[in-house]
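**Student:** Just need the structure, nothing else, for what follows:
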Amino acid sequence: MVAQIATEKLISGQVTSNNVSPLEGINVTNTSNKIMVVTDRYGHFSILAKEQDILSFSAVNYEPLRKIINKQEFNMGIITADLTPKSIELNEVIVNKNSNISAESLGIIPKDQVKLTTAERRLQTAGDFKPVQLLGLLGGFLAVDPILNAISGRTKMLKKELTNEKKEFLMQKMENLFEDKYYIETLKIPEDFIRGFQYYCVEDPDFARSLNDKNKTMSMFLIVGLASEFKKNLENNEK
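**Tutor:** I've put the predicted structure just below:
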């Protein structure tokens, strides 16, 4: 008795999603003869196969599917497959966990761009008048605002505002660095004069630099000498 050899023939098919939408670009592989084809824009494909061959359907955004060609499908020469979209799990967004997110990291502003304070922006907008700019004014290509600001004294006022703003920032740093108890018990500064002593300290260039550099050791070293000077001034004023 001669064994019957299964023959191959061209099988046509269609791949869909939810039995409705035809899927283009789906890889269809006959795992027996290793032939692979890709579905067209209507989800159609044709592949050489025989009964009981296994067709493998795969795509990036869909769950893989393996389908055996049964006798009826082989006789009809038609096969269909329906793929399930892959579910995408999104990580939970925790605000504190992503505290490093900023306008720079998102590309909204250039990295390392200098950030100006309110007073700095006002001064930059106002401009800074220099005598040489009179030549530009005569030539007709100089902006008038810097001239008017210099005449009105607005630029000078804005510079003073910027200086005061910087001092307030330093004052805030001092308040975060030293408690009132430290001024009273360690430095022996009268409680009513703590605020005045803080202003006295931020006027000192070396101490201001140590605050800006976040050099706590240097700040603590310098503040002892400043406290001694401040108390002597108080004593002299009381005489």
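**Student:** Quick check: bridge partners of Asp82?
**Tutor:** For Asp82, the beta-bridge partners are Thr16 (DSSP bridges).
**Student:** Could you check how many residues crowd around it?
**Tutor:** 17 (other CB atoms under 10 Å). To be clear about C-beta, it is placed using only N, CA and C from the backbone, and glycine gets the same treatment.
**Student:** For it, give me its contacts.
**Tutor:** Asp82 makes contacts with 15-19, as judged by CB atoms under 8 Å, 6 or more residues apart in numbering.
**Student:** again, 7 Å this time
**Tutor:** The contact partners of Asp82, by CB atoms under 7 Å, 6 or more residues apart in numbering, come to 16-17, 19.
**Student:** How about Met174?
**Tutor:** So Met174 contacts 198, 201, 211 (CB under 7 Å, 6+ apart).
**Student:** Tell me the spacing between it and Met220.
**Tutor:** From Met174 over to Met220 the distance is 11 Å, taken as CB to CB, to the nearest Å.
**Student:** about what we covered before: of the contacts of Met174, grab the buried ones for PyMOL.
**Tutor:** Buried residues within those, by 16 or more other CB atoms under 10 Å, are selected in PyMOL with:
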select buried, resi 198+201+211
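**Student:** Can you add distance to Tyr62 and secondary structure and give the contacts of Met174 back as JSON lines?
**Tutor:** Shown next, in JSON lines, are the contacts of Met174 (distance: CB to CB, whole Å; DSSP: H, G, I helix; E, B strand; the rest coil):
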{"residue": "Gln198", "distance to Tyr62": "67", "secondary structure": "helix"}
{"residue": "Cys201", "distance to Tyr62": "68", "secondary structure": "helix"}
{"residue": "Leu211", "distance to Tyr62": "60", "secondary structure": "helix"}
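**Student:** a helix runs through Gly25, doesn't it?
**Tutor:** No - per DSSP: H, G, I helix; E, B strand; the rest coil, Gly25 lies outside any helix segment and is coil.
**Student:** Make residue 1 into 36 and carry on from there
**Tutor:** Fine by me, first position is 36 from now on; the one you just mentioned is Gly60.
**Student:** excluding its backbone neighbours, what's nearest it?
**Tutor:** Val73 (6.0 Å; CB to CB, 6 or more residues apart in numbering).
**Student:** now do Ala94
**Tutor:** Ile61 (4.9 Å).
**Student:** Which pLDDT value belongs to the one you found?
**Tutor:** For Ile61, the model assigns a pLDDT of 95.
**Student:** what do you get for the one 4 residues further on?
**Tutor:** Among the per-residue scores, Asn65 holds a pLDDT of 96.
**Student:** Surely it and Lys85 touch.
**Tutor:** No - under the criterion of CB atoms under 7 Å, Asn65 makes no contact with Lys85, lying 9.0 Å away.
**Student:** More neighbours: those two, which one.
**Tutor:** Asn65 (20 against 16).
**Student:** Contacts only, for the more buried one.
**Tutor:** 82, 84, 88, 90.
**Student:** Show me the two of the residues you listed that sit farthest apart.
**Tutor:** Longest distance between any two of the contacts of Asn65 is 9.0 Å, between Ile82 and Asp88; criterion CB to CB.
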